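Quick one: sequence plus predicted model below, questions after.
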Amino acid sequence: MSTVILFTGGARSGKSARAEHYAARLHRPVTYLATAEARDDEMRERIAHHQQRRPATWTTCEQPLEVATALANVAPGTVVVLDCLALLVSNVLLANEAAPDQAVTAEISAILEATHAHDLTLIVVTNEVGMGIVPDYPLGRVYRDLLGRANQQVAAAATDVYLVVCGIAVELKALEVAWARPIE
């Protein structure tokens, strides 16, 4: 049975480490889908840090776009860590500036469909960008809105959603269930 788990939080909140720890606890084969591209020294350093932290037994696949295609090649029952949705949305936006809404929605839908079709456990890492300042340039506002909608799309499909703050993960779906109860 397929499962989707979402880890969200701010930059350097510890969400990737928490997602990796969650994946390791499942004691199954893990494929790490990395969406970052090493375009400068700082990003190369970040990528190297992430790589050093991962177990050598995990398979890593660099996949800046078309993540669903990569998921179709993963063995059923595998745990897949997608790190990170925020970079994937940025990549899709920049590759489809004429119609980014449709492209991002289609990408997320394809990822979720592939997860279910191949019986995977998908652990998604993403940034929460809705708590900060409104970007002062149009492309930044488009990106923030696209990522917010993509996060909601994945969260709706997820069995568990964790908000990571200061390295501490708080499970949000349980809070939502309690909040959604009717007032008596």
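In hand now; what should we look at?

pretty sure Arg149 belongs to a helix, no?
Yes: assessed with DSSP: H, G, I helix; E, B strand; the rest coil, Arg149 lies in a helix.

host element of Leu163?
Take DSSP states H and E as the rule and Leu163 turns out to sit in strand 160-165.

who does that strand touch, helix- and strand-wise?
In terms of contacts (3 or more CB pairs under 8 Å, 6 or more residues apart in numbering; DSSP states H and E), strand 160-165 is packed against strand 3-9, helix 15-25, strand 168-171, helix 172-180. Every residue, glycine included, has its C-beta placed from N, CA and C.

what does the first one rub up against?
What it means is strand 3-9. Contact partners of strand 3-9, identified using CB atoms under 8 Å, 6 or more residues apart in numbering, comprise 15-16, 18-19, 22, 112, 115, 120-128, 151, 154-155, 157-165, 169.

Do a quick rundown of the helices in this protein.
Per DSSP state H, the chain carries helices over the ranges 15-25, 41-53, 67-71, 85-95, 100-117, 138-157, 172-180.

Present the ones you listed as JSON lines; the columns should include distance to Leu33.
Below are these laid out as JSON lines (distance: least, CB to CB, whole Å):
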{"stretch": "helix 15-25", "distance to Leu33": "12"}
{"stretch": "helix 41-53", "distance to Leu33": "12"}
{"stretch": "helix 67-71", "distance to Leu33": "6"}
{"stretch": "helix 85-95", "distance to Leu33": "9"}
{"stretch": "helix 100-117", "distance to Leu33": "9"}
{"stretch": "helix 138-157", "distance to Leu33": "14"}
{"stretch": "helix 172-180", "distance to Leu33": "23"}
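
coming back round to it: quick check: angle from the strand holding Leu163 to helix 15-25?
Taking axes from the mean of the first three to the mean of the last three CA atoms, to 10 degrees, one finds strand 160-165 and helix 15-25 inclined to each other by 140 degrees.
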